[in-house]
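> With the input below, show me the fold.
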Amino acid sequence: MSTDLINGFGNVYLRITYDAANRWVCNEWIGYQTYIGILAGADACLQPLQENHCAYLLNDNRRVIGPWDHAVEWVVSNWAPRAIAQGLTHFANVVSPEALAASSAQSMAIGLHGQLQMHMFDNVEAAQEWLREAQQQSKKRSIG
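Model (predicted):
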C-alpha cells in the first residue's frame, strides 16, 4: 500500500510505501520540492515508520529536480529527532544525479552525522543491499 502526496499542480511529488517483505519504508520524491511540501512529506513518512515499528528508511531522490537546501535545517533539527525517537536507525538516501539536489543531500548528511546511520547512494540496489546488511547485523546482535 502506498500514499501519494500531491502538489498544487496536481502532480505526485512523494510516494510513500511500506515494503513489508523487506521491512522498510520507501519514500520516492519526484520533481521540484517546496519547503511546505518537504515538511508535509517528511511528516507523512513518520506514520508508516511508527505503525510498522520500522527502523529502516529508503529515501529515493533520483527524480528530484533542483536544490532543497531551504528545508535541510528543518529536517536535521525537527524531523530527524522525532524519527529517531520513534525508532528510525538507518537512513539509505539515494541521491539525484542532478548536482543541486545532490548538494542538498550532502548538507543533510553532514547535519545528521552521528544521530543515526545514514549513507548516500547513487543507485537503489546498493541502498537496498546496505539496508539488508544492517537488518542482518541487528538480528545477529539481538540473538547473540
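
> all contacts plus neighbour counts: C-alpha atoms, from now on.
OK.

> Next, the distance between the ends of stretch 1-18.
Using CA to CA, to the nearest Å, the end-to-end distance of stretch 1-18 comes to 7 Å.

> Mind telling me what element the residue sitting nearest the centre point of the chain is part of?
When CA atoms, centre = their mean is applied to the chain, the residue found nearest the centroid is Asn59 (3.2 Å). Here Asn59 sits within strand 56-65, counting by DSSP states H and E.

> who touches that strand?
23-33, 49, 88-98, 100-101, 124, 127-128, 131 (CA atoms under 8 Å, 6 or more residues apart in numbering).

> so after the host helix or strand of Ile110, what's the next helix or strand?
Ile110 is part of helix 99-112, with elements assigned from DSSP H and E. Along the chain past helix 99-112, the next helix or strand (assigned with DSSP H and E) turns out to be strand 117-121.

> Report the buried residues of that next one.
Residues Met118, His119, Met120, Phe121 are the ones in strand 117-121 that count as buried (16 or more other CA atoms under 10 Å).

> quick one: buried residues of stretch 85-96?
Buried-residue list, stretch 85-96, by 16+ other CA under 10 Å: Gln86, Leu88, Thr89, His90, Phe91, Ala92, Asn93, Val94, Val95, Ser96.

> Centre of the chain to it, how far?
On the basis of CA atoms, centre = their mean, to the nearest Å, stretch 85-96 sits 5 Å off its chain's mean C-alpha point.

> what angle sits between the longest helix along the chain and strand 56-65?
In the chain, with assignment by DSSP state H, the single longest helix is helix 124-143. Angle, helix 124-143 to strand 56-65, by axes from the mean of the first three to the mean of the last three CA atoms, to 10 degrees: 160 degrees.
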